[in-house]
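**Q** no letters, just coordinates:
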């Protein structure tokens, strides 16, 4: 009898775990809370997440004070992996919404794609798209606020790089600032990419270089050509550690 009862509760639990809506869901009889248990490791993980969240909140407050005190323009880079899917995430993220400029790779937009809904979600940002003709994963975009004025923009197809030059209504800005947004496909040859980047940076004035380079920083052989080029041109690396590790 006990075995049968346990089996029935197990069936109810599995059915509830597969439910995606309360509509049309009916539970016959009573559910005994004693039959619903969580693995102790679940409680430990929740405790860890809560403590981590508190630490992150403190770090965010500290960083925000630094941004207000020291920054002229707040620029954020995102590998968005579909701007249509994640434009609402930008809208709802407090830190992203405080940025002056958002540089986006992998927008997954093609020239024929309508973007009225995306622009509405991104308000008060103005969206500047640069869509690849056929490869949506190579499409780029830049979102800017009203205090940022675009001076010029230029695309370099051989490198899939977008140069933006701008100035903002800020007393501390005494000249135009330019940045180069790049998306390199993982299948392209690193040395050819570095050679093209070398030519471009020597021919054009670029203050900030950012993007998705798809280079394994833990592999010194892959990293070295790019590192040597940046050092020879006197660029200083701002991001000191990986921002994403595959499988984590």
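**A** Alright, I've got the coordinates. None of the values given here were measured: they were computed from a predicted structure.

**Q** backbone phi and psi for residue 141, please?
**A** Torsion angles at residue 141 (phi, psi; degrees, to the nearest 10) stand at phi -160, psi 160.

**Q** how close does it get to residue 222?
**A** Remark: distance between residue 141 and residue 222 (Cβ to Cβ, to the nearest Å) = 27 Å. Yep, even glycine has a C-beta here, placed from its N, CA and C like the rest.

**Q** so between these two, which is more surrounded?
**A** A side-by-side neighbour count of residue 141 and residue 222, using other Cβ atoms under 10 Å, places residue 141 first with 24 against 16.

**Q** give me the element the most centrally placed residue in the chain is part of.
**A** Nearest to the mean C-alpha position of the chain, by Cα atoms, centre = their mean, lies residue 78 at 2.9 Å. Under the criterion of DSSP states H and E, residue 78 resides in strand 75-79.

**Q** would you map the helices across the chain?
**A** Assignment of helices within the chain using DSSP state H yields the ranges 2-18, 40-70, 83-92, 94-97, 116-122, 190-203, 220-232.

**Q** ok, residue 72 - how many residues close by?
**A** Residue 72: 13 surrounding residues under other Cβ under 10 Å.

**Q** repeat for residue 97
**A** Using other Cβ under 10 Å, residue 97 is surrounded by 14 other residues.

**Q** also residue 231?
**A** Look at residue 231: counted by other Cβ under 10 Å, it has 11 neighbours.

**Q** repeat for the one 4 residues further on
**A** Burial of residue 235, expressed as a neighbour count using other Cβ under 10 Å, amounts to 15.

**Q** swap in residue 115?
**A** Counted with other Cβ under 10 Å, residue 115 comes out at 18.

**Q** cool, residue 132 as well?
**A** 19.
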